[in-house]
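Trainee: Mind folding the following:
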Amino acid sequence: MTGTPSGAPCRVSSATAAGRPDTRLVVIRGNSASGKSSVAQGLRDHYGRGVAIVGQDVIRRNVLREHDTARGANIALLGRIAREALDAGFHVVLEGILYADRYGHMITSLVRDHRGVSRCYYLDVPLEATLVRHLSKADAAYLAQVTDNHLASWYRELDLLPDGLESVIPADSTLQDTVARIVRETDLNAVAPAPPPQRNPSQGDSMTPLVLMSDPQVAAIPVHECGEPLVDVRDHDFRVDPRKRDPLGAFAHVREGVLGRLKHARSLLPAGTDLLFIEGYRPLTLQQRYFTEYRDELAAAHPDWTPEQLHQGASRYVSPPEIAPHSAGAAVDVTLVDQDGHELDLGTRVNASPEESDGACFTHAPKLGDLARHHRTLLLNAMEGAGFTNYGTEFWHFSVADRYDALTKQEPHARYGPTELP
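Mentor: The predicted structure is shown next:
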């Protein structure tokens, strides 16, 4: 076993790290007919959406149709799929016979590199019980193809991974007891997904008061900086728009955890629809310039406004520099495109101000067309489903683990504060 739900996750090299501190990795091994698939499905049934089951048989037999050998292509592919799913914010259950001498290096490397809690289990079922369980299967074609002689030749007694990595679950543990034990030992319930907030789009923002970035509640949230580095989304196969490009490429950077959630959000979009990444990290000097320029525009248009009114008005569209999510690497500006990369209609252009768009930039603006409303709902559901918080005056702006997100989710502190490119 490795990691503890209550302990600090291990720090690993960013080059090989997988997942996030709040993702869970469960490895379930055992002989054929030991109940591995049933346990994996039981974990998913308990948790709901958000659990990826990575099955050895599915990849080796169904996808690749290869024999189980020490040099099988399925070994690396299983590890890669598990890593990609963890990076996208899914909890992963890796299950299969997964012989220790063939798959051990892949599994131990995955456990070592996972940022979150990892647990490995071996389902210890005697050969006699294995044969009885096999005969109870309802798939007649499988029973005709896989005989008792096959099972006996595949069987290995206590084929454990090295260094005490696994917990052995005995044959008399019921499916219910086994699932409950894994849920308890991984603390899976502590990271159960909260249902997305339900809104009636026709009501706009009238039901919930909009908290602006300038609200003192936001600045009052403390920051416990987690130290995650900035990473470049252009290295991870995202569609990246050049409109905010800068000489250093700062615009294309986000925190590692933000990148993982972006991958998850992308996976929640319907086929033929994709994210278009526009801007992530924004240096503090640039944030200050944007805020000052917009505040000066408002001052020219409203000479009777007080400094407080100008500050609050400017913060509808540009975050005050001292709490800006973009300058923490915690925020992204995104929109939707079709499979050919053409932007979809979301009601107004990205970065349109409230004055320019007559309020249509507000996420739940009441006068949007049906198609624009539909596209905004797709974007909002995907991003919120991946754990992001939307800033209600900008349908394109989402952040996570910054002060605004922490306030919205009633977290005691933010994990991302102002940072600099290395």
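
Trainee: Tell me the helix or strand right after the lowest-mean-pLDDT helix or strand in the chain.
Mentor: Ranked by mean pLDDT, DSSP states H and E, the weakest helix or strand in the chain is helix 140-145, scoring a mean of 58. Per DSSP states H and E, the first helix or strand lying C-terminal to helix 140-145 is helix 148-154.

Trainee: got the buried residues for that following helix?
Mentor: For helix 148-154, the neighbour count (16 or more other Cβ atoms under 10 Å) marks Leu151 as buried. To be clear about C-beta, it is placed using only N, CA and C from the backbone, and glycine gets the same treatment.

Trainee: repeat for stretch 407-416
Mentor: Buried residues in stretch 407-416, counting neighbours by 16+ other Cβ under 10 Å, are found at 407-408, 414-416.

Trainee: Out of those residues, flag the one nearest to Tyr121.
Mentor: Nearest to Tyr121 among those: Arg415, at 30.4 Å, using Cβ to Cβ.

Trainee: Could you report the pLDDT at Gly272?
Mentor: You'll see Gly272 listed with a pLDDT of 88.

Trainee: give the contact list for the nearest residue to it once chain neighbours are set aside.
Mentor: With Cβ to Cβ, 6 or more residues apart in numbering as the criterion, Gly272 has its nearest non-adjacent residue at 4.9 Å, and that residue is Gln339. Gln339 makes contacts with 272-274, as judged by Cβ atoms under 8 Å, 6 or more residues apart in numbering.

Trainee: rerun that using 10 Å as the cut-off
Mentor: Gln339 makes contact with 271-274 under the criterion Cβ atoms under 10 Å, 6 or more residues apart in numbering.

Trainee: so His67 makes contact with Arg60?
Mentor: Yes: in this structure, His67 is within contact of Arg60 by Cβ atoms under 10 Å, at 8.3 Å.

Trainee: Now list whatever residues contact both of these two.
Mentor: Joint contacts of His67 and Arg60 (Cβ under 10 Å, 6+ apart) are Asn74.

Trainee: neighbour count winner among these two?
Mentor: Arg60 (22 against 9; other Cβ atoms under 10 Å).

Trainee: For the residue nearest to the spatial centre of the chain, give its distance to Leu344.
Mentor: Centrality entry for the chain: nearest residue to the mean C-alpha point is Gly89, 2.5 Å, by Cα atoms, centre = their mean. Distance of Gly89 to Leu344, given as Cβ to Cβ, to the nearest Å: 24 Å.

Trainee: what pLDDT does the spatially most distant residue from the centre of the chain get?
Mentor: Relative to the centre of the chain, the most outlying C-alpha is that of Asp304, 46.0 Å out, by Cα atoms, centre = their mean. pLDDT recorded at Asp304 is 89.

Trainee: what residues are up against it?
Mentor: For Asp304, counting by Cβ under 10 Å, 6+ apart, there are no contacting residues.

Trainee: Just the element for it, please.
Mentor: Per DSSP H and E, Asp304 falls between elements, in no helix or strand.
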